[in-house]
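Engineer: Task: produce atomic coordinates for the following.
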Amino acid sequence: YGLQLSDKTGKPFDAQQLTSSDVIAFYFSAHWCPPCRQFTPLLKKFQETLLSHGEKSLKIIFVSSDHSEHDMWKYMYDCHGDWLALSFNCKDLKDRLSRQYQVSGVPALVVIDAVGRQAVRDARGEVMSASSSSSTQVLTTYLAWKGAAGVGAPAGGQAQSSCSALPPGARVKVRGLTGAPEHNGSEGVARSYDASKQRYLVELGEKQLALRAGNLLQMLTVKARSEPSADSKWVEAVIVDYDEASGEFDLRGPEVSSRAKAGDIDKMLLNTGAIVVVHGLQAESAKQWNEHNGKVLEFDEAAQRYLVQVAPGTNLKIRPENIRLYPLV
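Structural biologist: The predicted structure is shown next:
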């Protein structure tokens with residue numbers, strides 16, 4: 001597009017720094033617009049929630065409809081997150097973007113794919129819904145954006161493989177549906193995965209639903225402590241629910257009823273075959289696998305690491321705090 005961009009401080013930003021691992025969202029807005037002033041804090045909260053979970057790939061580009069450049073910068077300084085902005089003087093480019101994405105008013109949020117096509121039909125509506133719900137719903141929404149924009153798969157990788165997809169027959173609980181909330185809390189079985197639609201076919205009794213991975217909680221069999229003390233014996237338990245406020249999973253079994261976080265290896269250990277999301281890796285050789293599913297192969301007690309297969313032939317030793325069970329990608 002030949003974008004002339006600046007960061008929030010007014011410093012020029014080279015658009016070439018945007019990479020294929022970034023999700024680009026044009027935000028058409030203006031301070032004089034009351035609906036914009038209502039939506040902007042929600043968008044800021046949405047991105048801040050992602051940042052708090054280590055997800056830094058959302059790049060918001062503000063396209064101003066303010067009356068003056070002074071108004072534009074005041075709006076950015078007072079109300080915006082750490083966003084980029086299209087130069088106020090790029091009127092022709094702003095008009096071209098508005099025509100291309102059929103923006104007839106503000107506020108409008110347009111998420112694009114790698115070739116510049118609109119990837120999400122109602123990004124503004126999804127932000128409003130997710131921001132009024134929970135951090136889990138924000139993550140689920142954003143993971144769907146990444147899929148729609150074609151962002152996230154390493155070179156040569158697959159959207160889902162045997163080491164990243166739920167196996168046929170996996171027991172799941174439905175969570176976080178906004179379009180059909182009556183199914184939330186229902187237990188079912190994942191039968192198959194449609195890579196073209198990025199949906200699992202989930203059997204709920206006599207019904208079948210096509211659902212995103214982010215709306216499915218794995219009802220895994222895990223190892224849990226029989227008593228709160230760290231020296232009590234390990235017993236089998238099943239994950240039956242998840243508490244978003246605490247980040248803890250409810251565990252139930254013949255000898256146990258407890259709660260634990262995914263990374264709390266003193267209370268819960270994952271078995272071989274559990275599908276997890278890798279996140280927060282800092283090593284340059286491993287960062288590409290952040291926000292990707294992988295399969296637990298084993299737990300190395302001596303090293304206090306999970307061995308996770310992230311792609312055929314590629315295994316990583318990962319600290320427990322760098323895996324997530326829910327939501328999946």
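Engineer: part of a helix, is residue 237?
Structural biologist: No: read with DSSP: H, G, I helix; E, B strand; the rest coil, residue 237 is strand and lies in no helix.
Engineer: So it is in contact with residue 222, correct?
Structural biologist: Yes: under the criterion of C-beta atoms under 8 Å, residue 237 is in contact with residue 222, at a separation of 5.8 Å. (C-beta placed from N, C-alpha, C; glycine too.)
Engineer: shared neighbours of those two, which are they?
Structural biologist: Shared contacts of residue 237 and residue 222 (C-beta atoms under 8 Å, 6 or more residues apart in numbering): 251, 268.
Engineer: and this protein, what are its domains?
Structural biologist: Taking automatic domain parsing as the reference, the chain has its domains at 5-149, 156-220+270-329.
Engineer: where does the stretch 151-300 of the chain have low pLDDT?
Structural biologist: The model of the stretch 151-300 of the chain has pLDDT under 70 over residues 152-162.
Engineer: Which stretches in it count as strands?
Structural biologist: 170-174, 187-194, 199-204, 207-211, 216-218, 221-225, 234-243, 248-253, 256-260, 268-269, 275-278, 292-300 (DSSP state E, counting those that start in this stretch).
Engineer: From the chain's centroid, how far away is stretch 263-279?
Structural biologist: 18 Å (C-alpha atoms, centre = their mean, to the nearest Å).
Engineer: That one: which residues count as buried?
Structural biologist: 263, 265, 267-270, 274-279 (16 or more other C-beta atoms under 10 Å).
Engineer: before we move on, back to that, tell me which of the strands of the stretch 151-300 of the chain sits nearest to residue 15.
Structural biologist: strand 292-300 (26.2 Å; C-beta to C-beta).
Engineer: what's in contact with the closest one?
Structural biologist: 152-154, 160, 162-165, 213, 265, 269-278, 305-310, 315-317, 323, 328-329.
Engineer: now swap in stretch 190-197 and tell me
Structural biologist: Residues contacting stretch 190-197 (C-beta under 8 Å, 6+ apart): 158-160, 165-170, 172, 199-203, 208, 210, 216.
Engineer: do that again at 10 Å, thanks
Structural biologist: 147, 158-161, 164-172, 199-203, 208, 210-213, 216, 218 (C-beta atoms under 10 Å, 6 or more residues apart in numbering).
Engineer: where do the helices sit along this protein?
Structural biologist: Taking DSSP state H, the helices of the chain run over residues 34-52, 69-79, 91-100, 123-131, 135-149.
Engineer: Can you flag the weakest of those by average pLDDT?
Structural biologist: In terms of mean pLDDT, the lowest-scoring of those is helix 135-149 (a mean of 84).
Engineer: Would you mind pulling up the elements that it packs against?
Structural biologist: Contact here means 3 or more C-beta pairs under 10 Å, 6 or more residues apart in numbering; DSSP states H and E; on that basis helix 135-149 packs against strand 23-29, helix 34-52, strand 58-64, strand 108-112, helix 123-131.
Engineer: can you do 7 Å?
Structural biologist: When contacts are defined as 3 or more C-beta pairs under 7 Å, 6 or more residues apart in numbering; DSSP states H and E, helix 135-149 packs onto strand 23-29, helix 34-52, strand 108-112, helix 123-131.
Engineer: Comparing those, which comes out most buried?
Structural biologist: strand 23-29 (a mean of 25; mean count of other C-beta atoms under 10 Å).
Engineer: can you redo the helices of the chain as TSV with distance to residue 111?
Structural biologist: Shown next, in TSV, are these (distance: least, C-beta to C-beta, whole Å):
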stretch	distance to residue 111
helix 34-52	12
helix 69-79	20
helix 91-100	13
helix 123-131	5
helix 135-149	5
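Engineer: ok so, going back, could you pick out the buried ones from the contacts of stretch 190-197?
Structural biologist: Of those, these count as buried by 16+ other C-beta under 10 Å: 147, 159-161, 164-166, 170-172, 199-202, 211-213, 216, 218.
Engineer: and the residue nearest to residue 114 when sequence neighbours are not counted, how far is that from residue 20?
Structural biologist: Leaving aside its chain neighbours, residue 114 sits nearest to residue 150 (5.6 Å; criterion: C-beta to C-beta, 6 or more residues apart in numbering). Distance of residue 150 to residue 20, given as C-beta to C-beta, to the nearest Å: 9 Å.
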